[in-house]
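J.: The sequence and its predicted three-dimensional model are supplied below.
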Amino acid sequence: MVAVLAAGLNLAPAQEVQLHGLVFEKWVRDTFFSGYRPASYAQRWDIPAAENKDHGAMPVTPKVAKLGTAVDLGDALRQYEIDEPFMLIIGFWQQDGDVKRMVNIIAPEISPELWRKLWGPVTYADLLKLDAVIKDTGPAIEETRRRALQMKNAPPFSEAIIQVNPKIDDQGQRHLQCSIRFRDVFQHLAPGADPKPQAHPALFGVEYPGPIPSKPRELKNP
């Protein structure tokens, strides 16, 4: 079944490294949300509340992460703006040869109050200041990275549970993203869930169908 899902995605070469995430998201949408297809991948929610008829009528965001690592949440400013309940479905995988096996799946419902608590003392103005530093093309890239890292590792960002992640490279990427550490996922978002690998990981009582063909990521030499 997974092989069929993968073949049906018609991935471009640049997307192959993200195959496991795309396959997992498609399984989630097809199995639980009537095969919903987003009109645009830039829309606010991957699965809007109106499409969630059986699991709380709240918007849904599927994510994948390697077991034990942080979960990438996306653009920090957009994430900070969330002010409504939502469901975060996370599939955790482990590499097994040339396939990735889903070994744990959680689906915590997150309230606006909890979401704000995870940001701690960080304000929207704080994020805008850091974002401005990242997008300032005046200084050399090395200096911009130094400034951004200095801000990231100091209050208020160092006091928040959600971590900010400046993305700056010489290819023009200048984004402020954010993530939540693995231990914090299970401590704050899903405190009753078992973080260890599961023999039969399931979502809403439905077991994940099988491994995803996906080779380990190859690190390029600088």
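T.: Received the coordinates, thanks.
J.: Now do the buried residues in the helix or strand hosting Ile89.
T.: Under the criterion of DSSP states H and E, Ile89 resides in strand 86-96. If you call a residue buried by 16 or more other C-beta atoms under 10 Å, then strand 86-96 has these buried ones: 86-93. For the C-beta atoms, the positions are set from N, CA and C on the backbone; glycine is no exception.
J.: and what of stretch 206-222?
T.: 208, 211-212, 214.
J.: how about the CA coordinates for that stretch, as CSV?
T.: Taking C-alpha atoms only, stretch 206-222 is exported to CSV below (Å, rounded to 0.1, in the frame of the first residue of the first chain):
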residue,chain,number,x,y,z
VAL,A,206,-5.7,2.4,12.5
GLU,A,207,-2.3,0.8,12.3
TYR,A,208,0.2,2.5,9.9
PRO,A,209,0.4,0.3,6.8
GLY,A,210,4.1,-0.3,6.4
PRO,A,211,7.6,1.1,5.7
ILE,A,212,8.3,3.9,3.3
PRO,A,213,10.9,3.5,0.6
SER,A,214,13.3,6.3,1.5
LYS,A,215,17.1,6.1,1.6
PRO,A,216,19.1,7.8,4.3
ARG,A,217,19.9,11.4,3.6
GLU,A,218,23.4,11.8,2.0
LEU,A,219,25.4,14.7,3.5
LYS,A,220,27.2,16.6,0.7
ASN,A,221,30.8,17.6,1.2
PRO,A,222,31.3,21.4,1.6
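J.: Contacts for that stretch next, please.
T.: 1-3, 6, 17, 19-20, 23-24, 27, 31-32, 91, 93, 95-96, 98-102, 105, 200-202 (C-beta atoms under 8 Å, 6 or more residues apart in numbering).
J.: and those, which are buried?
T.: For the contacts of stretch 206-222, buried by 16+ other C-beta under 10 Å: 2, 6, 19-20, 23-24, 27, 32, 91, 93, 99-102, 105, 201.
J.: Quick check: phi and psi at Gly210.
T.: Phi and psi for Gly210, reported as degrees, to the nearest 10, are phi 160, psi -180.
J.: how about the CA coordinates for the longest helix along the chain, as PDB?
T.: Secondary structure of the chain per DSSP state H: the longest helix is helix 19-32. The C-alpha coordinates for helix 19-32 follow below in PDB (Å, rounded to 0.1, in the frame of the first residue of the first chain):
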ATOM      1  CA  LEU A  19       9.200  11.400   0.400                       C
ATOM      2  CA  HIS A  20       8.500  10.000   3.900                       C
ATOM      3  CA  GLY A  21       6.700  13.100   5.000                       C
ATOM      4  CA  LEU A  22       4.600  13.400   1.900                       C
ATOM      5  CA  VAL A  23       3.600   9.800   2.000                       C
ATOM      6  CA  PHE A  24       2.700  10.000   5.700                       C
ATOM      7  CA  GLU A  25       0.600  13.200   5.200                       C
ATOM      8  CA  LYS A  26      -1.200  11.600   2.200                       C
ATOM      9  CA  TRP A  27      -2.000   8.500   4.300                       C
ATOM     10  CA  VAL A  28      -3.400  10.800   7.100                       C
ATOM     11  CA  ARG A  29      -5.500  12.800   4.600                       C
ATOM     12  CA  ASP A  30      -6.800   9.700   2.700                       C
ATOM     13  CA  THR A  31      -7.500   7.600   5.800                       C
ATOM     14  CA  PHE A  32      -9.100  10.100   8.200                       C
END
